[in-house]
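1. Need coordinates for the following:
(one chain, ligands or ions: 1)
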Amino acid sequence: MSILTSDLQVPVFYPTYDEFENFSSYVSKIESQGAHKIGLAKIVPPKQWISRKMGYKQKEIDDTMVQNPIKQEVHGKDGFYLVYNIQQKSIKLSQFQKLASTNRYATPSSISNDIEKLEKKYWDNLTSIAPIYGADVSGSFYDKSQKVWNVSNLGTILDDLQTEYGTKIEGVNTAYLYFGMWKATFAWHTEDMDLYSINYLHFGAPKQWYVIPPSYGKIFEEFAASHFSSLARRCPAFLRHKMTIISPSILAKHSIPFSKMTQYENEFIITFPYAYHAGFNYGFNCAESTNFALERWIEYGKHSVQCACRHDTVKIGMDLFVLKYQPELYNDWCRGINVTSHPEDAQMVANNRTIIRSSP
Ligand SMILES: O=C(O)c1ccnc(-c2cc[nH]n2)c1
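-> The predicted structure follows:
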């Protein structure tokens, strides 16, 4: 089924507890209903489920450190921006929470209940006061006893990295916390190795998401590279630098299909392989996130284009996954013969677009 650009509603699911219990099975189930075509899905957990029995007491918040928050300076105009993240000293979460509520950084109070006005305010003001983002903080706010949809312990095939190789990649197969404030931003990107991601909003203000169907990922890359041509010349995957912001108005003007969704407290967002996504936070909040994999990801991982200009790029050797889950392709894979095409190429053809492939 190709994406009907007329129907770009983000799917929202309300699983029963029985459906919810097996994480990988449930994600496969919503994919069988086409959820992955949009690139993002919202899952509202059943009422019997909670992430923390004791809730979020001020003492836990007070004792948490926000390691190296970043000041986000956004430069640009007319819908095209680059965000420069400047590392700050670590601060206590209680101090961060107070900072987020000061007049300088707080959500505009006069429209704080009108999400559409706030969304417009964000796009009209993202180059003004630079917010502080407590992003990529290793840790988890889950009860360790919570075995169901625990971001730190999802039990997907990505765990093979650790069980077979003992490899831990922070934020990829471990949990990251994100402490947001008004206008704190995440730029357009796909996940490392084009993996899945899960994001749980523990508490606080909503988080705004924008997503591009994976079948239009290459078209989006070409569009972004055409505008940021000097960056694209220096790195075939410059979007992985997570600095590029392009407004939804610009996407609409250039007929790039996209969807949007606002995530609220106690809601999960899942992003699917090779789904470009971006967004911002509406105020002080706390989210927990990691990557994961189902077998459908393996072809995306094999065709994933990595950043060539930075030393800290996450690169996962796919041999383990090809040997274990695609044994019939293993010998060719080891000889560098990749007999398959990018999983979205077929859709690219259907989108009547030539496929311009930057060398991997
Ligand atoms: O800041 C956020 O809430 C957010 C949302 C979606 N994705 C990332 C991310 C960071 C690195 N990979 N993905 C971060």
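2. wait, what's in contact with Pro15?
-> Listed by CB atoms under 8 Å, 6 or more residues apart in numbering, the contact set of Pro15 reads Tyr26, Ile43, Pro45, Pro46. Quick note: C-beta positions are derived from backbone N, CA and C, even for glycine.
3. pLDDT (mean, whole number) over stretch 85-104?
-> For stretch 85-104, mean pLDDT rounds to 97.
4. For the ligand, give me its nearest residue in the stretch 251-360 of the chain.
-> Closest contact between the stretch 251-360 of the chain and the ligand, by CB to the nearest ligand atom, is at Ala287 (5.2 Å).
5. Filter the contacts of Pro15 down to just the ones in helices.
-> Mapping the contacts of Pro15 onto helices (DSSP state H) picks out Tyr26.
6. now the contacts of Pro15: which count as buried?
-> By neighbour count, with 16 or more other CB atoms under 10 Å, those hold Tyr26, Ile43, Pro45 as buried.
7. quick one: pLDDT of the closest residue to the second one other than its chain neighbours?
-> Same thing as Ile43. Spatially, and ignoring its direct neighbours in sequence, Ile43 is nearest to Phe268 (4.3 Å; CB to CB, 6 or more residues apart in numbering). Per-residue confidence (pLDDT) for Phe268: 98.
8. do Ala308 as well
-> pLDDT for Ala308: 88.
9. ok, now how distant is it from Lys242?
-> Plainly put, Ala308 is 16 Å away from Lys242 if you go by CB to CB, to the nearest Å.
10. Repeat that for Pro214.
-> For Pro214 relative to Lys242 (CB to CB), the value is 18 Å.
11. Show me which of those two is the more surrounded one.
-> Set Pro214 next to Lys242 and count neighbours by other CB atoms under 10 Å: Pro214 wins out with 25 against 16.
12. Three-state assignment for the closest residue to the more buried one other than its chain neighbours, please.
-> Distances taken as CB to CB, 6+ apart put Tyr274 closest to Pro214, at 4.3 Å, once the chain neighbours are dropped. For Tyr274, the assignment made with DSSP: H, G, I helix; E, B strand; the rest coil gives coil.
13. mind checking how far Tyr274 is from Asp345?
-> 11 Å.
14. Those two: which has the busier surroundings?
-> More neighbours surround Tyr274 than the other of Tyr274 and Asp345, with 27 against 15 (other CB under 10 Å).
15. low pLDDT regions in the stretch 201-350 of the chain?
-> 348-350 (pLDDT under 70).
16. Tell me where it has strands.
-> Using DSSP state E, counting those that start in this stretch, the strands assigned to the stretch 201-350 of the chain run over residues 207-211, 244-246, 259-263, 268-271, 277-281, 285-292.
17. so how far is the fourth one off the chain centroid?
-> The one in question is strand 268-271. How far strand 268-271 lies from its chain's middle: 8 Å, per CA atoms, centre = their mean, to the nearest Å.
18. Next, the contact list for the closest residue to Lys92 other than its chain neighbours, please.
-> Excluding its sequence neighbours, the residue lying closest to Lys92 (CB to CB, 6+ apart) is Met65, at 6.1 Å. Neighbour list for Met65: Ser90, Ile91, Lys92, Leu93 [criterion: CB under 8 Å, 6+ apart].
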